[in-house]
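In: Pasting the sequence and the predicted coordinates here, then a few questions.
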Amino acid sequence: MKTPVLDMRAISVTYGGRVPAVVGVDLKVRPGEIVGIIGESGSGKSTLAHSVLGLLPKAASLQGEHFDLAGTDMLSAGRGTLTALRGPAAAMIFQNPMTAFSPIHTIGRQLTELLWRDRDQATGQKRERIVAALRDVGIPDPIGKLEAYPFQLSGGMLQRVAIAAALLMKPQLLIADEPTTALDVTMEAQILHLMRTLRDTAGVAILIISHHLGVIAEICDRVAVMYAGRIVEEGTVETIFRQPGHPYTRALFACEPALIPTGARRLPVIAGEVPRPGGTGCDFAGRCLFCEERCLNCAPPWATAAADPSHHSRCHRSMS
Ligand SMILES: Nc1ncnc2c1ncn2[C@@H]1O[C@H](COP(=O)(O)OP(=O)(O)OP(=O)(O)O)[C@@H](O)[C@H]1O
């Protein structure tokens, strides 16, 4: 098995010494793998992604047993190391491509600035690399687009430019935070196809965060489900979608509009609120239809499904 590009063990992030946003997360992403993270708003998905990119605010504290990104120990890395890793080790594409670029500079100038590390390379060579990257992500007339400003491109085109920007830096891991949420369905399909092609041709590993379960089902190999800062279930995309083990995962799927039978008069919701992470017992106990005494008093350990050793869940009863 290939060495993971990203290897996290028992990683926690706390904001301002008080708010635990990520609690004891274990996560591995291997070269060429596409891993999805799903979960409600506030479950810690973006915090997890920002910790990989060294983008946590100063007030956040990062702790854990092991955190390796492309061979660098992220727990001991200083700001300089984190900056140097951004690009070659991990790059990110964001939800809204319109705000990912400066409105006052041309696409060509902004992409050229990303190549600041390659000081020895001639301007003409950089330009050729940029044009090739734009062509690779399916931008028509890539030479003409160098002079364009972001507002002159559609959201879908701009998201392609964002992917080209990320790939110009040849990252080992691409993190995509809701990459298609701001796009219409046609553009969404094209961007997902593009990401899969990049994985197949360049072998880049991809960590994708999305509320949209259809996106995750479409593109991912493995899925991790986050709830209240913890990963509560993980497995292959087929297993998680066909045989979800954790009651939270099942509840999340039951609320997905695309999976709700037509004719249903009301959209289901998961009753109650996401608790502050780190309490005793199971964090989902207060909202769980199957809650038992032990769920209130004792945090569930990881259990592995008998039928599938790659399927894990943190629930006292889901695997029994
Ligand atoms: N800079 C910050 N300072 C303090 N608390 C923060 C900060 N950023 C996030 N949080 C808190 O951390 C928790 C996790 O937030 P995070 O944005 O990581 O969740 P998320 O799953 O990505 O949510 P969403 O899908 O809405 O983006 C939330 O309680 C949030 O309020």
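Out: Structure received.
In: Longest helix of the protein, counting residues only.
Out: helix 185-202 (DSSP state H).
In: what packs against that one?
Out: On a contact count with 3 or more CB pairs under 8 Å, 6 or more residues apart in numbering; DSSP states H and E, helix 185-202 meets strand 34-38, helix 155-168, strand 173-177, strand 205-209, helix 213-219. Backbone N, C-alpha and C define where each C-beta goes, glycine included.
In: Could you pull up the mean pLDDT of that helix?
Out: Regarding helix 185-202, the rounded mean pLDDT is 87.
In: Mind listing what's buried along stretch 236-246?
Out: Val237, Thr239, Ile240, Phe241, Pro244, Gly245, His246 (16 or more other CB atoms under 10 Å).
In: For the residue in the stretch 51-200 of the chain positioned nearest to the ligand, which residues are in contact?
Out: Closest residue of the stretch 51-200 of the chain to the ligand, CB to the nearest ligand atom: Pro57 (5.0 Å). Applying CB atoms under 8 Å, 6 or more residues apart in numbering to Pro57 gives the contacts Tyr15.
In: what residues does the stretch 151-300 of the chain put near the ligand?
Out: By CB under 6 Å from any ligand atom, no part of the stretch 151-300 of the chain sits against the ligand.
In: ok, back up a step: reformat the helices and strands packed on helix 185-202 as TSV; add mean neighbour count, distance to Gly24 and mean pLDDT.
Out: Below are the helices and strands packed on helix 185-202 laid out as TSV (neighbours: other CB atoms under 10 Å; distance: least, CB to CB, whole Å; pLDDT from 0 to 100):
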stretch	mean neighbour count	distance to Gly24	mean pLDDT
strand 34-38	25	15	97
helix 155-168	23	29	88
strand 173-177	24	20	94
strand 205-209	24	18	96
helix 213-219	20	22	91
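In: Among the buried residues of stretch 236-246, which are located in strands?
Out: Assignment to strands by DSSP state E places none of the buried residues of stretch 236-246 there.
In: Quick one: mark the members of those residues that sit in helices.
Out: Among those, the members falling in helices (DSSP H) are Val237, Thr239, Ile240, Phe241.
In: hmm, who's touching the longest helix of the chain?
Out: For helix 185-202, contacts defined as CB under 8 Å, 6+ apart pick out 32, 34, 137-138, 154-156, 159-160, 163, 167, 174, 176, 179-180, 183, 204-206, 208, 215, 218-219.
In: Can you give me the distance of the nearest residue to Arg250 once chain neighbours are set aside to the ligand?
Out: Closest residue in space to Arg250, ignoring its immediate chain neighbours: Pro244 at 5.0 Å, by CB to CB, 6 or more residues apart in numbering. Look at Pro244 and the ligand: by CB to the nearest ligand atom, to the nearest Å, they are 19 Å apart.
In: I appreciate the help and will end here.
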